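**Q** next one to model:
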Amino acid sequence: MLIGAHEERPTLSTLGSSRWHTTYVKAQQSIIGYAKDLLDQMAKREISGGFCFPKDSSLTQLFDESFPFVETEDQKKALTDIKQDMCSTAPMDRLLCGDVGYGKTEIAMRAAFKAIADGGKQVLFLVPTTILALQHYETCKKRMTEFPVRIACLTRFSSLKQCKEILRGMQEGSIDLLIGTHRMVQRHLTCKDLGLLIIDEEQRFGVRTKEFIKKYKVGVDCLTLSATPIPRTLYLSLIGIRSISEISTPPQDRLPIQSFLVGRNKETIKQALLREFSRNGQAFFIHNRIETLPRVFSELQQLIPQAKIITIHGQMDADEIDTLFQCFKQGDVDLLLSTTLVENGIDIPNANTIFIDNADHFGMADLYQLRGRVGRWNRPAYAYFLLASPDTLSDLPRKRLQALVQNSGYGSGLKIALRDLELRGAGNILGEQQSGHVSSIGFHLYCKLLKKAIESLKKKTSIQEVDTKLELVSTPVESKIPETFISEPSLRMELYYRLGNSSSSQEVHDILTEIEDRFGPLPQELLFLGMWTRIRIEASLKGITLVKVDTRTCHIEKGKMACSFPLPKYKKESSYFETAFITLLQTLPI
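**A** You can find the predicted model right below:
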């Protein structure tokens, strides 16, 4: 598996060798500077401060209560977290992660309404596509129609006159909520009193838009919405740079989407369409090359002559797109052949079958969003990822597609994003300067070192630069988590990972106490695993790079210096051996 910004395979080094030590130190030094840059970004937002919104007014409570559905527990928790952030002096920077159709927009609207009604602030709602902007605009207009909120929408379809009026309205404060695409970035947008920035599906924006976001985030609360956050966005949340809330509870009567990874077979397509049409349903067919859309249209028309098919793509006139889309929405059309124009914001409950042509040419987040166009009702939904040559598909695209197929249930968006994080790495959070270090020392070690560097800089303590290698060649007692004690492999791996990432004896003690509380008295093998983990931590604090233990002796290395000493005697309890061993480490001449 390759993780990093490039496809080249990294050069492998032997652990403990001088080459590995040089690579490790270079990466560590770069990571320290990188962590400082990350914290510098945080500090700028902290120093600028944020507006401290008051508690919910009666108008905000009335707006929340006007929601026509029952909120899920996850929605309630996310809303509580967001409002707590808004009511603090520090500017909010929160990622709201939830599956397509799980209520993220409602949470965003409530945050926007609070900013407007309770704080008298303006709100920018930045979305990636025109269709999604128009849908959010209609939803907000309908939801806030009984309340004194002035809403505008800015997209590529807005005329020059409309653009000027909207920009003037934002500058003068006559517009409370502006919903728009990157068109607002291309204009000289000035807000009279901006209090909240909402970003929907950040991964869809380019570099210029992200620079706009970075500029406007200083001193302003920021809420990012995503079904499948890109790896760097997700990783920033996982290491504590930004907060995260998850909505994983499905709406009532929602069924998981059944997903299939298949070859581009005409009979498969035909049978799936006939099944959908037989229950008076509708379907999507996604083909993302405008020049070959007419050919695909002809193929589909020959397969299903009785079906009414229309084609939509981004080079068509805005009014024509709107007219055709309304025909599909009203049920006058059976099959919508489209580019990824429909990726975001399309909500057609009666359309519950989708085909995605050349699925291996899309990213995981794109495929997940496209799959989310179906399954928005209480009817079984089907997604077909079509491949031109399934047998010649390379390893990485296959794994990513399989991750989508395997994660079709509730809350799968975050699972897919985590899998993408594992397959691709966190990417370039600040720039491309870190990708080489990710490749050279491995993604997981890179993340571990980055997290440690950030924590050390936050606490203003020295950054630990030594990661001790522990080799147990032969010991009287095995150090492990016995399968007879914890049978589930994934649980054992999680606990090994947590112990391996421990940075203090107290942390090891807390993990072992938790294990004992969950699974009962600890077996001797696990007690000795905890002992060796604490010894490794103590050795790391002394700058020791290698601890190698055989039957009777221990070999220690620290840089170019080395020494050996006889092992203390083992007893049934690991504590005696541990105390004696650590005492020896502390008295070593190196």
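**Q** where does Gly527 land on pLDDT?
**A** Just so we're on the same page, residue 527 is Leu rather than Gly. Listed pLDDT for Leu527 reads 87.
**Q** how much space between it and Phe519?
**A** To Phe519, Leu527 is 13 Å away according to C-beta to C-beta, to the nearest Å. Using the backbone N, CA and C atoms, a C-beta is placed for each residue, glycine as well.
**Q** between the two, which is the more surrounded one?
**A** Leu527 (18 against 15; other C-beta atoms under 10 Å).
**Q** how far out from the middle of the chain is the helix or strand that contains that one?
**A** Taking DSSP states H and E as the definition, Leu527 sits inside helix 524-541. Centre-to-centre, helix 524-541 and its host chain are 33 Å apart (C-alpha atoms, centre = their mean, to the nearest Å).
**Q** C-terminal to it, what's the next element?
**A** Criterion used, DSSP H and E; the element after helix 524-541 is strand 546-549.
**Q** show me what counts as buried in the helix or strand containing Leu470.
**A** If you go by DSSP H and E, Leu470 is part of strand 469-472. Of the residues in strand 469-472, 469-470 count as buried by neighbour count, 16 or more other C-beta atoms under 10 Å.
**Q** do the same with stretch 479-493
**A** 479, 481, 485-486, 492.
**Q** mean confidence for that stretch?
**A** Mean predicted confidence for stretch 479-493 is 85.
**Q** span of it from start to end?
**A** 14 Å (C-alpha to C-alpha, to the nearest Å).
**Q** and the contacts of that stretch?
**A** The contact list for stretch 479-493 (C-beta atoms under 8 Å, 6 or more residues apart in numbering) reads 472, 495-496, 519, 522-523, 525-526, 528-529, 531-532.
**Q** now do it: distance to the chain's middle.
**A** 29 Å.
**Q** chain center to stretch 386-405: distance?
**A** 21 Å.
**Q** can you dump the C-alpha atoms of that stretch in PDB for me?
**A** The C-alpha trace of stretch 386-405 is given here as PDB (Å, rounded to 0.1, in the frame of the first residue of the first chain):
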ATOM      1  CA  LEU A 386     -19.400   0.400 -13.600                       C
ATOM      2  CA  LEU A 387     -15.900  -0.500 -14.700                       C
ATOM      3  CA  ALA A 388     -14.700  -0.700 -18.300                       C
ATOM      4  CA  SER A 389     -12.100  -3.300 -17.500                       C
ATOM      5  CA  PRO A 390     -12.500  -4.900 -14.000                       C
ATOM      6  CA  ASP A 391      -9.700  -7.400 -14.500                       C
ATOM      7  CA  THR A 392      -7.100  -4.800 -15.200                       C
ATOM      8  CA  LEU A 393      -8.000  -2.400 -12.400                       C
ATOM      9  CA  SER A 394      -4.900  -1.600 -10.300                       C
ATOM     10  CA  ASP A 395      -4.700  -2.300  -6.600                       C
ATOM     11  CA  LEU A 396      -5.300   1.100  -5.000                       C
ATOM     12  CA  PRO A 397      -8.500   2.000  -7.100                       C
ATOM     13  CA  ARG A 398      -9.900  -1.400  -6.400                       C
ATOM     14  CA  LYS A 399      -9.400  -1.000  -2.600                       C
ATOM     15  CA  ARG A 400     -11.100   2.400  -2.600                       C
ATOM     16  CA  LEU A 401     -14.000   1.100  -4.600                       C
ATOM     17  CA  GLN A 402     -14.300  -2.000  -2.400                       C
ATOM     18  CA  ALA A 403     -14.300   0.300   0.600                       C
ATOM     19  CA  LEU A 404     -17.400   2.100  -0.800                       C
ATOM     20  CA  VAL A 405     -19.200  -1.200  -1.500                       C
END
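**Q** so Gln282 touches Asp332, yeah?
**A** No - Gln282 lies out of contact with Asp332 (C-beta atoms under 8 Å); the separation is 9.8 Å.
**Q** what about the helices in the stretch 51-200 of the chain?
**A** Secondary structure of the stretch 51-200 of the chain by DSSP state H, counting those that start in this stretch: the helices cover 58-65, 73-86, 104-119, 130-143, 160-172, 183-186.
**Q** low-confidence stretches in the stretch 251-400 of the chain?
**A** For the stretch 251-400 of the chain, the stretches with pLDDT under 70 are 251-254, 344-346, 365, 396.
**Q** what comes up buried for the helix holding Leu527?
**A** 526-541.
**Q** any idea which of these is closest to Phe325?
**A** Of all the buried residues of helix 524-541, Thr533 has the smallest distance to Phe325: 58.9 Å, by C-beta to C-beta.
**Q** all strands of the stretch 251-400 of the chain, in order?
**A** Counting by DSSP state E, counting those that start in this stretch, the segments of the stretch 251-400 of the chain that form strands are 257-263, 282-286, 309-312, 335-338, 351-356, 381-387.
**Q** looking at those strands, which is nearest to Thr513?
**A** For Thr513, the closest of these is strand 257-263, at 41.5 Å, according to C-beta to C-beta.
**Q** give me the contacts around the closest one.
**A** By C-beta under 8 Å, 6+ apart, strand 257-263 touches 268, 359, 371, 374-375, 380-390, 401-402, 404-405, 408.
**Q** and the pLDDT at the closest residue to Leu79 other than its chain neighbours?
**A** The shortest distance from Leu79 to any residue other than its chain neighbours is 5.6 Å, reached at Ile107 (C-beta to C-beta, 6 or more residues apart in numbering). What the model reports for Ile107 is a pLDDT of 94.
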